[in-house]
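What follows is a predicted protein model with its sequence.
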Amino acid sequence: MTYLSCKSRLIEIAMSGKHHDVKITGTELEQLIAWVDCNAPFRGDEEVRAMPRMNTAPVIDRFNLPQKP
């Protein structure tokens, strides 16, 4: 628990509601956490899965995410 979304300042701010009283929950929060845990644009799936304890993480099809109607 020293990196990824559990240490992310962005996730902390998004969940707290301290940034212009905006607080996200539910699916939007899950998508943001997945984005942070995938190291956003910095690392690819192969690099993330090579990290300790990440090789068993569920695979997320980033190109076929469910969309809100």
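Received, thanks. Numbers count the residues shown, from 1 in each chain.

for this structure, longest helix please?
Ranked by residue count under DSSP state H, the longest helix found in the chain is helix 26-37.

Identify the residues contacting it?
Helix 26-37 is contacted from outside by 4-5, 8, 10-11, 14-15, 24, 48, 57, 60, 65, 68, using Cβ atoms under 8 Å, 6 or more residues apart in numbering. Every residue, glycine included, has its C-beta placed from N, CA and C.

looking at the residues you listed, which has the most residues close by?
The most crowded member of the contacts of helix 26-37 is residue 14, carrying 21 neighbours; neighbours defined as other Cβ atoms under 10 Å.

which parts of the lowest-mean-pLDDT helix or strand in the chain are buried?
None of the helices or strands of the chain scores lower by mean pLDDT, DSSP states H and E than helix 45-49, at a mean of 73. Within helix 45-49, the residues that count as buried by 16 or more other Cβ atoms under 10 Å are residue 48.

can I get the CA coordinates of that helix in PDB?
Extracted in PDB, the C-alpha atoms of helix 45-49 (Å, rounded to 0.1, in the frame of the first residue of the first chain):
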ATOM      1  CA  ASP A  45      -0.400  -3.100 -19.100                       C
ATOM      2  CA  GLU A  46       2.700  -5.300 -19.300                       C
ATOM      3  CA  GLU A  47       4.700  -2.900 -17.200                       C
ATOM      4  CA  VAL A  48       2.000  -2.700 -14.500                       C
ATOM      5  CA  ARG A  49       1.600  -6.500 -14.400                       C
END
